[in-house]
Structure formats: structure tokens, C-alpha cells
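[1] Structure here, sequence nowhere to be found:
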């Protein structure tokens, strides 16, 4: 899209410069020749500045596209990280639950054994 815009603008500038050159060459007077040359230099300078600005705009557009891609990758990575941490949190919760249940079961067995030994 920006490349087409650049080509269209470049074509328009070239066409304008060409028409200006034609208009300038139609004037043959010596003093107007100096004016024509001055105008031509001005047109060439403006054309150069516009082309340089277009190049800068295209470069900025490329950098913006790179940032968008990096942002998208970062977003995907953060979703993956969130899912993995959620899964790990659940896994650790179950591990701690089983460990606690085993301790409770061990204490119950030890107390039962002690009570049976004392009673019998």
C-alpha cells in the first residue's frame, strides 16, 4: 500500500517537474532564463526533500511492522507462560495435598498402633 502511494507521489512529482521544465523552456528571455533556472533548482530541491521524506516514512512503516510482529510474539509467549504456570500451580497443589494426606494417614496409623499396644 505504501509502495503504491510512493510510486503515485513520485510519478506526480516527476510529472509536475516535467511540466514546469516545459513551461520554463518556452520562455526564451535572458532574465527569465535565470528565473527559470532558479525555479528549476527549487523544484529539484523540493522533489529531493519529498523523496527523502517518503523513504523515511517507508522506513518508519517497516519499523512499526517489526514492532507489531514482536508485540504479537510477546503476547503469544505470555499466554503460553500463563498456561504453563497455571498447570504447574495445580500440579504443586496436588503434590502438597498428597503429601499432607500421607502425613495425616501416617499419624493416624501411628496413633492407632500406640492405642492398640497400650490397650492390649
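    Ah, there it is. Model, not experiment: these values are computed from the prediction.

[2] where's residue 100 relative to residue 93, distance?
    According to C-beta to C-beta, to the nearest Å, residue 100 stands 11 Å off from residue 93. (C-beta placed from N, C-alpha, C; glycine too.)

[3] quick one: low-confidence parts of this structure?
    Flagging of the chain using pLDDT under 70 yields the residue ranges 1-31.

[4] mind running it again at 50?
    For the chain, applying pLDDT under 50 flags the ranges 27-29.

[5] where along it do the helices fall?
    Ranges of helices within the chain are 2-26, 30-119, based on DSSP state H.

[6] Output those helices as CSV; include the columns mean neighbour count.
    Shown next, in CSV, are these (neighbours: other C-beta atoms under 10 Å):
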stretch, mean neighbour count
helix 2-26, 12
helix 30-119, 11
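
[7] ok, now how distant is residue 116 from residue 109?
    Distance of residue 116 to residue 109, computed by C-beta to C-beta: 11 Å.

[8] Quick check: neighbours shared by those two?
    The overlap between the contact sets of residue 116 and residue 109 (C-beta atoms under 8 Å, 6 or more residues apart in numbering) is empty.

[9] from the chain's centre, how far out does stretch 71-84 sit?
    15 Å (C-alpha atoms, centre = their mean, to the nearest Å).

[10] do stretch 56-63 as well
    12 Å.
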